[in-house]
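Q: Below: sequence and its predicted model.
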Amino acid sequence: MLTFNKTYFPKNKFIFALSGGSDSIAACHFLHKKGFDFLTIHVNHKFIPQDDEIAENVTRFCYKNEIPLYIMESNAKYDKGSKEDFCRNVRYSLLRNYAEKQGFDYICTAHHLDDCVESYFLNFLKGCPEFVPIHYFCKYPEVSIFRPFLLNKKIDFVEYLEYHDLTKFVMEDSMNNDLKLMRNWARKVVLPVIDAKYAGLHKVVFKKMKKHLDDVVKL
């Protein structure tokens, strides 16, 4: 079941970044039902043929549920390097620029505990296991990004989608299945093996993230 703490949210209107995947569809619907005031923005990267279909699904979802939506299209050209990093950098750049022009102070994303576990594992491989996997709050010159769902598991979003009959609106990015990408390899190959042998990894990361969020709220 999805849970939230009101102290993790700003009091003024914010932007919600809607990718069209299961996590963001569930979180967007949840926040709308809870009465939060936000504008949903979807970035169509025009990077793979599937992107237009994802944008159509997002449009249908928001129209059906009467959620305000603005779609941005990218004309950035990929050159080299990580495709995942390229798309993320383009997306955040567009969102930050829009927030600055329209006077928004905050952008909300649907990152969750499983994302934190993946980052914790990848940070370990890089030699920094004590680093906070994913920060609740990131301040940029134009806007601040906050992630209020870091204590929720992936399964919470999946069950929410099924309960509210929202699965039909979900379309995952096909790049999420590319095992050449380090995060996908960790998510689909390594971490399931670790979970089968050691069920405590999520508990370790949960405690770390709970302390991180509590410390942020105290500030």
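A: Perfect, thanks for sending it.

Q: Please count neighbours and contacts with C-alpha atoms only from this point.
A: Will do.

Q: OK, contacts around residue 63?
A: Going by C-alpha atoms under 8 Å, 6 or more residues apart in numbering, residue 63 touches no other residue.

Q: What residues of the host helix or strand of it count as buried?
A: Per DSSP states H and E, residue 63 falls inside helix 50-64. Across helix 50-64, burial judged by 16 or more other C-alpha atoms under 10 Å covers 51, 54-55, 57-59, 61-62.

Q: then that helix to PDB, C-alphas only?
A: Taking Å, rounded to 0.1, in the frame of the first residue of the first chain, the C-alpha atoms of helix 50-64 are listed here in PDB:
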ATOM      1  CA  GLN A  50       7.900   3.900 -28.500                       C
ATOM      2  CA  ASP A  51       8.100   7.400 -27.100                       C
ATOM      3  CA  ASP A  52       5.100   8.700 -29.100                       C
ATOM      4  CA  GLU A  53       2.900   5.800 -27.900                       C
ATOM      5  CA  ILE A  54       4.000   6.400 -24.200                       C
ATOM      6  CA  ALA A  55       2.900  10.100 -24.700                       C
ATOM      7  CA  GLU A  56      -0.500   8.900 -26.000                       C
ATOM      8  CA  ASN A  57      -1.000   6.600 -23.000                       C
ATOM      9  CA  VAL A  58      -0.100   9.400 -20.600                       C
ATOM     10  CA  THR A  59      -2.600  11.700 -22.300                       C
ATOM     11  CA  ARG A  60      -5.400   9.200 -22.000                       C
ATOM     12  CA  PHE A  61      -4.600   8.600 -18.400                       C
ATOM     13  CA  CYS A  62      -4.600  12.200 -17.400                       C
ATOM     14  CA  TYR A  63      -7.700  13.000 -19.500                       C
ATOM     15  CA  LYS A  64      -9.600  10.000 -17.900                       C
END
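
Q: just to revisit the earlier point, would you reformat the buried residues of helix 50-64 as TSV and include pLDDT and distance to residue 105?
A: Listed next are the buried residues of helix 50-64 as TSV, based on pLDDT from 0 to 100; distance: C-alpha to C-alpha, whole Å:
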residue	pLDDT	distance to residue 105
51	89	27
54	92	27
55	94	25
57	94	27
58	96	24
59	97	24
61	97	25
62	97	22
